[in-house]
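Chemist: fold the following, please.
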Amino acid sequence: MKKLLLLAICSVNFIYIPAQKYRFLEPPKFDDADLSKQKSTLDENAPAEILYKSLHFSIDNSSNSLIKKVFYRVKIYDKDKAEDWLNLEIPLYKSGSDQETLSKIKAFTYNLENGAAIATKVDNSSKYKSKESKNVSVTKFAFPNVKNGSVIEYQYEVTSPFLYIIPEILIETDTPSLYTEYVLDSPSNIAYNLNYTGSLTPKYKMVEEKAMYGTNYRTYRFGYENLKGFKTEKFVRNDRNYRTKIGAELHSTNFRELRLYSSSWEKIKDRLYENEDFGGELKKTRLAKENMPLNISIINNETEKANAVFNYVKNTFTWNKDRGIYTEDGIKKMIETKIGNAAEINLFLVMMLREAGLKADPLVISTVSNGLINIATPNITNTNFVIAAIQTKDGFHLYDATSKQSSMDQLPPRDWNQFGILVAKDKVQQLSMVNAKASFTYLTADAKINDDGSISGTYSDKDTGTYAMFAKENYDDNSDKYKKQYKENFAIDFKNIDSKVLENGDFESTMNFSSDNLIDKIGKKMIINPMLFLNKNSNEFDQTETRKYLIDFTSSFTRIKKITLEIPDGYVIEEMPKNKKIVTEDKEIEYSYIAEQKGNKLEVTTITKVLSPDYPKEYYPAFKQIWGVASKQENQVISLVKK
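Modeler: Residues are numbered from 1 along each chain as shown. Got it, this is the predicted structure:
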């Protein structure tokens, strides 16, 4: 990821280029001609196009409130493919007695009727508010009367008492944009770190000190024209890391004295330990002492002791799915209820490990879905999770007790995001996070050809390591959908599907299957692909454009497919499939196809090995070639001839 970090650093530097003259914050008048547009000039297949987008953040000097003003005007070309634009959601945050307020909402749908532009206003009765969590409520409404060709427009204002974080804004979205602007105005005595990442350069830019709103302000203004929709690539876990985006975090205030907030990771570490919901909880060592299992004290080996403590915490407490680096109800409450958020469970784990005599500290991370931490500008807003790290004579080991399948250095997939920030009491350091444990996938089918030409048998799909956690997450999200995927992916009649976590943490699904569509009868011959339904039908590495981004698998892996096919009495194999093995020069990627006849059974085994969790984009041609070979091999057919 060296290139990405370089872009982030360069982006922070380039914004200090002297300003070009341009007028920001002046939305153009509605143009009836936009209603007649048939397709986007930037992407003729785009279902929607942003005509104008303005995000304006300012600090009110009199009330010290953050004011967020939003204005969008969007053309809808295909409403069935532009569903994300047809409903608006505005989140509002609350903490204690402090809360954000929403005002000045205006929203319209414009349509062309009999040659004239007709505006339909969003009615107040269509708006409603829902509580998403303890601290977040969302105001929602749907745009009325949206058709292909409509233009939707909305603006609103949010007043927030929370100055520490300026929300991160995506400049590059999936939707092409004719014009996008970002503005941040802050009084000179309230300074922000601007986090600018990505490769796009604004056409219009202004960074300067000037008199505004009756006092001196620092203003950041960026305008972009003709932005094409962002195109993602396969095998990228979070393409947000590669999009141009802007956020900000409070750096310092200077009222009567200078106060620093996020000037360095050391300052951030001090603030964390001063916070009652982080450092304050870690001071409650009595809770760890009172809950320590008796057998821990007799274990002498460091890692064995750490594993015993970890297993106690993991098996005793259940994660409520709330992320964050701060506790919500507190560790004492978690001990009583046996349920807690990520910080409560893993900070308690740190306390327990310390009480057991181990050198343990919190590791603050950003999960994959939250994006990479921007190390160019230290800030805590990039992080959203905390796990535990211990230091032994053989190095650091990582634990996350929010997952029942987790073990030492076997973290949930969401955690593996390149690095974290270790916040020990006496120092802070960046810790590299490399998923060194391989995952295995075993796909096993035992089948028999029946007298009527149908095939029936049993099928097992088992994952280990990181991929087992992936499978369990998908299963927990929607178990019915997870089981239904087998029928949808293979077009086979599967029955008695049983999915479960095994004692060692592996995740396995077993089932029975039958099909009368896998064999073609031609005279006295039966034509069949011995891979049955497990053949690779296509090459996932089918990108025709030059690869741009890292190829990310989360984990190194070995995938083994083994099919055992019982040949019916009175038939012989006319010609065996051809075996094949292909491997890269550095032995990083390997594929083999082996077919063997053993009595009246044909066994086909394919093995795919990928030795690293991720690869530079330059490996893309190698993957494309090997996956192409695999597809060709796995689509071989055999003829069964009656004697």
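Chemist: use CA for all of it now, contacts and neighbours both
Modeler: Noted.
Chemist: nearest spatial neighbour of the residue most central in space within the chain, chain-adjacent residues omitted?
Modeler: Geometric centre of the chain, nearest residue: S369, 2.6 Å, by C-alpha atoms, centre = their mean. Counting by C-alpha to C-alpha, 6 or more residues apart in numbering, S369 lies nearest to N238, which is 6.1 Å off, once chain neighbours are set aside.
Chemist: who's in contact with that neighbour?
Modeler: 368-369, 371 (C-alpha atoms under 8 Å, 6 or more residues apart in numbering).
Chemist: any idea how far Y619 is from it?
Modeler: 19 Å (C-alpha to C-alpha, to the nearest Å).
Chemist: which residues of the stretch 301-450 of the chain fall in helices?
Modeler: 302-316, 331-337, 342-355 (DSSP state H, counting those that start in this stretch).
Chemist: for E209, which of these is the nearest?
Modeler: Set against E209 and scored by C-alpha to C-alpha, the helices of the stretch 301-450 of the chain come closest in helix 342-355, at 40.1 Å.
Chemist: shaky segments in the stretch 101-250 of the chain?
Modeler: Along the stretch 101-250 of the chain, the model assigns pLDDT under 70 to no residue.
Chemist: cutoff 80 now
Modeler: For the stretch 101-250 of the chain, the stretches flagged by pLDDT under 80 are 124-134.
Chemist: okay, strands next: where are they in it?
Modeler: With DSSP state E, counting those that start in this stretch as the criterion, the stretch 101-250 of the chain has strands at 101-113, 116-121, 128-131, 136-142, 151-160, 165-170, 177-187, 190-197, 204-212, 215-227, 245-254.
Chemist: how much does the fifth one deviate in direction from strand 101-113?
Modeler: An angle of 170 degrees separates the directions of strand 151-160 and strand 101-113 when computed by axes from the mean of the first three to the mean of the last three C-alpha atoms, to 10 degrees.
Chemist: what packs against strand 151-160?
Modeler: Judged by 3 or more C-alpha pairs under 8 Å, 6 or more residues apart in numbering; DSSP states H and E, strand 151-160 is in contact with strand 65-76, strand 101-113.
Chemist: ok, the fourth one next?
Modeler: Counting contacts by 3+ C-alpha pairs under 8 Å, 6+ apart, the secondary-structure elements packed against strand 136-142 are strand 87-95, strand 128-131.
Chemist: from the chain's centroid, how far away is the following helix or strand past the longest one?
Modeler: Which is strand 87-95. Toward the C-terminal end, the helix or strand that comes next after strand 87-95 (DSSP states H and E) is strand 98-99. Mean-position distance between strand 98-99 and its chain equals 29 Å (C-alpha atoms, centre = their mean, to the nearest Å).
Chemist: direction included, what does strand 98-99 pair against?
Modeler: strand 87-95 (antiparallel) (DSSP bridges).
Chemist: buried ones in the strand it pairs with?
Modeler: 88, 91-94 (16 or more other C-alpha atoms under 10 Å).
Chemist: cool, stretch 298-314 as well?
Modeler: 302-303, 305-314.
Chemist: wait, which of those is closest to L55?
Modeler: Distances from L55 to those, taken by C-alpha to C-alpha, are shortest for K314, at 43.0 Å.
Chemist: next, work out how far apart that closest one and K75 are.
Modeler: Taken as C-alpha to C-alpha, the span from K314 to K75 is 50 Å.
Chemist: and for R559?
Modeler: In terms of C-alpha to C-alpha, R559 sits 45 Å off from K75.
Chemist: of those two, which one has the most company?
Modeler: A direct count of neighbours by other C-alpha atoms under 10 Å for R559 and K75 places K75 higher, at 29 against 17.
Chemist: okay, now the residue lying closest to the more buried one once chain neighbours are set aside: neighbour count?
Modeler: Once flanking residues are discounted, K75 sits nearest to V151: 4.4 Å by C-alpha to C-alpha, 6+ apart. Counted with other C-alpha under 10 Å, residues neighbouring V151 total 27.
Chemist: correct me if wrong: V151 contacts A117.
Modeler: No: applying C-alpha atoms under 8 Å, one finds V151 not in contact with A117, separated by 10.0 Å.
Chemist: list the residues that contact the residue of the chain most remote from its centre.
Modeler: Residue farthest from the centre of the chain, counting by C-alpha atoms, centre = their mean, is K643 at 56.3 Å. Each residue near K643 by C-alpha under 8 Å, 6+ apart is listed here: 570-572.
Chemist: sorry, back to before: what is in contact with V151 and A117 at once?
Modeler: Going by C-alpha under 8 Å, 6+ apart, residues that sit against V151 and also against A117 are 35, 110-111.
Chemist: quick one on the thing from earlier: export the strands of the stretch 101-250 of the chain to CSV and tack on distance to T605?
Modeler: What follows is the strands of the stretch 101-250 of the chain, written out as CSV (distance: least, C-alpha to C-alpha, whole Å):
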stretch, distance to T605
strand 101-113, 58
strand 116-121, 62
strand 128-131, 52
strand 136-142, 51
strand 151-160, 55
strand 165-170, 46
strand 177-187, 50
strand 190-197, 45
strand 204-212, 59
strand 215-227, 48
strand 245-254, 46
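Chemist: thinking again about what came up before, quickly name whichever of the buried residues of strand 87-95 is closest to T546.
Modeler: Of all the buried residues of strand 87-95, T546 sits closest to L88, with 35.6 Å by C-alpha to C-alpha.
Chemist: identify the bridge partners of the closest one.
Modeler: F141.
Chemist: what about it, distance to I560?
Modeler: From L88 to I560 the distance is 45 Å (C-alpha to C-alpha).
Chemist: kindly report the same for I335.
Modeler: 43 Å.
Chemist: equivalent analysis for G357, please.
Modeler: Distance from G357 to I560, by C-alpha to C-alpha: 42 Å.
Chemist: between those two, who's got more neighbours?
Modeler: I560 (18 against 12).
Chemist: look up which residues are beta-bridged to the more buried one.
Modeler: If you apply DSSP bridges, the partners that I560 bridges to are Y442, I607.
Chemist: so how far is N370 from the residue nearest to S369?
Modeler: N238 is 8 Å from N370, by C-alpha to C-alpha.
Chemist: ok, now Y93?
Modeler: 18 Å.
Chemist: could you find the closest non-adjacent residue to S592?
Modeler: Nearest to S592 is K581, by C-alpha to C-alpha, 6+ apart, at 4.2 Å.
Chemist: which SSE is immediately downstream of the lowest-mean-pLDDT helix or strand in the chain?
Modeler: Every helix and strand of the chain was ranked by mean pLDDT, DSSP states H and E. The lowest is helix 2-14, at a mean of 33. Going down the chain from helix 2-14, the next helix or strand is strand 48-60, by DSSP H and E.
Chemist: so where's the protein uncertain?
Modeler: 1-21, 124-134, 262-263, 375-377.
Chemist: how does it look with 50?
Modeler: 1-20 (pLDDT under 50).
Chemist: picking up where we left off before, S63: which of the helices and strands packed on strand 136-142 is closest?
Modeler: The nearest among these, by C-alpha to C-alpha, is strand 87-95 at 17.7 Å.
Chemist: all strands for the stretch 501-643 of the chain, in order.
Modeler: Counting by DSSP E, counting those that start in this stretch, the strands of the stretch 501-643 of the chain are 507-515, 519-522, 525-528, 551-552, 557-566, 571-573, 580-583, 589-598, 601-610, 614-615, 638-642.
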